[in-house]
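Trainee: Following is a predicted model, sequence given first.
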Amino acid sequence: MNIAVFASHGGSNLQALIDAVSEHRIAARICAVISNNSDAQALERARQAGIPAYHLSTKTEGGDEALAAKLTDVLAAAAPDMIFLLGYMRMLPVEVLRRYRRRIFNIHPSLLPAYGGKGMYGIRVHEAVVAAGETRTGVTIHRVEERYDEGEIVAQTSLPVLAGDTAETLAARVLACEHRFLVDTVSRILHGEIPCGD
Ligand code: GRF
């Protein structure tokens, strides 16, 4: 199966996927990595691994419509069976959401629906979890639908918030958990345990 990845920043989740593919832990190919950010380390990680890497944004393409058309073309050429948003900070155009219905997944560093939605990204998620005195947090993988926050949750795992955790220590533990859980979940999709597509 071909996997396309969208990522805006570090791409440590992308790296976990690249490693799992190269070590034959999952039988898949990463066919394209797309970022809205030219500085994204994710693009560099893709290039290092010999994966086609694209910097595409409204600025590079000259507007929303042009970007939607370009993304549609790049994806059509890459022919992904599934698309993963791994820290992608933009909305996908509706054309893409429709064309790849039930094939697009996002990873989020909390137990959604808790600590999701507008403004809940990066360290803010973990700050809110610690501030609320939660005893557990986790990782959620959900489908990306036209109504962005309402995508079906396909996989979730939880881990404890430890006494003395700061947002930073918690963020590091959740991210390490994400790397394992992402590979595990992609493997379940590849084995048909989680449906992909209509
Ligand atoms: C992860 O925490 C992911 O859940 C969120 O963005 C972060 C991306 O991290 N959507 P990285 O770029 O994979 O290191």
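Mentor: Ah, there it is. The shown structure was predicted, so the numbers you read here are calculated from the model rather than taken from an experiment.
Trainee: Kindly report the residues of the protein close to the ligand.
Mentor: Contact residues (Cβ under 6 Å from any ligand atom) of the chain with the ligand: 7, 9-14, 86-87, 107-109, 175, 178. To be clear about C-beta, it is placed using only N, CA and C from the backbone, and glycine gets the same treatment.
Trainee: which among those residues gets closest to Arg147?
Mentor: His108 (15.5 Å; Cβ to Cβ).
Trainee: Take the residues of the chain next to the ligand and keep only those in helices.
Mentor: The helices, defined by DSSP state H, take in Ser12, Asn13, Leu14, Leu175, Glu178 from those.
Trainee: now, which of the residues of the chain next to the ligand sits nearest Gly192?
Mentor: Nearest to Gly192 among the residues of the chain next to the ligand, with distances taken as Cβ to Cβ, is Ile107, at 20.1 Å.
Trainee: now for the ones in helices among the residues of the chain next to the ligand, which pair is the farthest apart?
Mentor: Leu14 and Leu175 (12.5 Å).
Trainee: Of the two, give the one with the bigger neighbour count.
Mentor: Counted by other Cβ atoms under 10 Å, Leu14 and Leu175 do not tie: Leu14 has more neighbours, with 27 against 17.
Trainee: which residue packs closest to the residue sitting nearest the centre point of the chain, ignoring adjacent ones?
Mentor: For the chain, Leu86 is the residue whose C-alpha lies nearest the centre (Cα atoms, centre = their mean; 2.2 Å). Leaving aside its chain neighbours, Leu86 sits nearest to Asn13 (4.1 Å; criterion: Cβ to Cβ, 6 or more residues apart in numbering).
Trainee: Contacts only, for the residue lying closest to His108 once chain neighbours are set aside.
Mentor: Nearest residue to His108, sequence neighbours excluded (Cβ to Cβ, 6+ apart): Thr140, at 4.8 Å. Under the criterion of Cβ atoms under 8 Å, 6 or more residues apart in numbering, the neighbours of Thr140 are Ile107, His108, Ser110, Leu111, Leu112, Gly116, Ile153, Ala155, Gln156.
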